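Peer 1: Need the 3D shape of this:
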Amino acid sequence: MLDLPRSRLILKDEFHGNKQWVSLIRQQSKGLPLVFIDSYQLASKYWFYSGIPALSMNSPYARRNSFNFWPLEDSLMGRQVYVVGPKRNPFLDEKIDLPGWEAKRGKKIDHYFSFSRVRIDGGKEVLSPAGYLPLFQQPGFEKIMIDAFVFKEDTLVAIFPTGLLLKDFRQTRTPFGSTILPSSLPRGAYQLRYSIGSCIPGTPTVNSAGVPLNIE
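Peer 2: The predicted structure is shown next:
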C-alpha cells in the first residue's frame, strides 16, 4: 500500500514506479500506440496510466491471454506503433531502462501487422475473424505460413512449417488438415504451439493453446 523503496533483489517490481516508467516510454514513443512483446502486465499498466491503447503481442514463448481475443489488434493494423520487447531481440534497436523492470528495447514500426486473433483449435480448425480475411489476400501477407513450435517442457527443440498459408484462409472456419512432423524428433512427450508471422522478424504470434504430442 505504501510506496516504499523497492529491494534491489527484486528484478521485476509490479507495484512501484509505474507512473515513472509509463511517462518514460510515452516520451520515447512520442505518444504512439504501444505493442509489448510477451507482457500483458506492461501493456495493461501502460494503457491504464497513459490512456493510450497498448497491446500484448504474445509469441510462442508465452501463453495466449485476453489480448488474443479483444479487438484491439484490429485497430492497429497498418498503423504506426512503437514496439517494446526483450533486449535480446536484435530487431529492436532503442534501449529502454524501466525502473523496477528488466531492461527492454524498442522500435517504431510504420506499418504494423500481426494475426494473434486467429485461433488454431487443437490443430484441427483455423478460426479467423471475418475482418481479417481480406488482409490474407493482400500482397505481402499471402505468403505468411503457419509454423509449429515444438517444446520439450519449456525448451524449444524444433520449428517446422505446416504448409498452410494465410491465403488459404477464405472463410472464418478453415479445416487445418494434417501436420507432418520432423523425423528427427526422438521419443518423448512434447507440446506444439502453432504460430503465424508478424511484422517483427523472428517474432510470430502464438495462435493455439499447447497441443500435447507424444512420440513413441
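
Peer 1: low-scoring stretches of this structure, by residue?
Peer 2: 1-6, 10-12, 123, 182 (pLDDT under 70).

Peer 1: helix or strand for P134, which one?
Peer 2: helix 133-136 (DSSP states H and E).

Peer 1: Need the nearest residue in space to P204, chain neighbours excluded.
Peer 2: S195 (3.9 Å; C-beta to C-beta, 6 or more residues apart in numbering). For glycine as for every other residue, the C-beta is placed from the backbone atoms N, C-alpha and C.

Peer 1: same thing with K124?
Peer 2: Once flanking residues are discounted, K124 sits nearest to F176: 5.4 Å by C-beta to C-beta, 6+ apart.

Peer 1: Now do the closest residue to K95 other than its chain neighbours against L55, distance only.
Peer 2: Nearest residue to K95 in three dimensions, chain neighbours excluded: R105, at 6.0 Å (C-beta to C-beta, 6+ apart). To L55, R105 is 17 Å away according to C-beta to C-beta, to the nearest Å.

Peer 1: what about F36, how many neighbours?
Peer 2: 26 (other C-beta atoms under 10 Å).

Peer 1: Actually, A54.
Peer 2: 27.

Peer 1: and what of Y49?
Peer 2: Counted with other C-beta under 10 Å, Y49 comes out at 15.

Peer 1: so it sits in a strand?
Peer 2: No - per DSSP: H, G, I helix; E, B strand; the rest coil, Y49 lies outside any strand segment and is helix.

Peer 1: That one touches K19, doesn't it?
Peer 2: Yes - shown here, Y49 and K19 form a contact pair, counting by C-beta atoms under 8 Å, at 5.6 Å.

Peer 1: one step back: please say which of R105 and L55 ends up with more neighbours.
Peer 2: Each of R105 and L55 has its neighbours counted (other C-beta under 10 Å); L55 has more, 26 against 19.

Peer 1: For V150, list the residues it contacts.
Peer 2: L156, V157, A158, I159, F160, P182, L185, Y190, Q191, L192, L213 (C-beta atoms under 8 Å, 6 or more residues apart in numbering).

Peer 1: how about the nearest residue to it, chain neighbours excluded?
Peer 2: In this structure, V150 finds its nearest non-sequential neighbour in A158, 4.2 Å apart by C-beta to C-beta, 6+ apart.

Peer 1: and what of S29?
Peer 2: S29 sits nearest to Y82 (C-beta to C-beta, 6+ apart), 3.5 Å away.

Peer 1: list the contacts for that neighbour?
Peer 2: Here Y82 is in contact with I25, Q28, S29, K30, L32, P33, L34, V35, G106, K107, K108, I109 (C-beta under 8 Å, 6+ apart).

Peer 1: Can you tell me the element S114 falls in?
Peer 2: Using DSSP H and E, no helix or strand contains S114.

Peer 1: which residue sits closest to it, ignoring its sequence neighbours?
Peer 2: Once flanking residues are discounted, S114 sits nearest to S198: 3.9 Å by C-beta to C-beta, 6+ apart.
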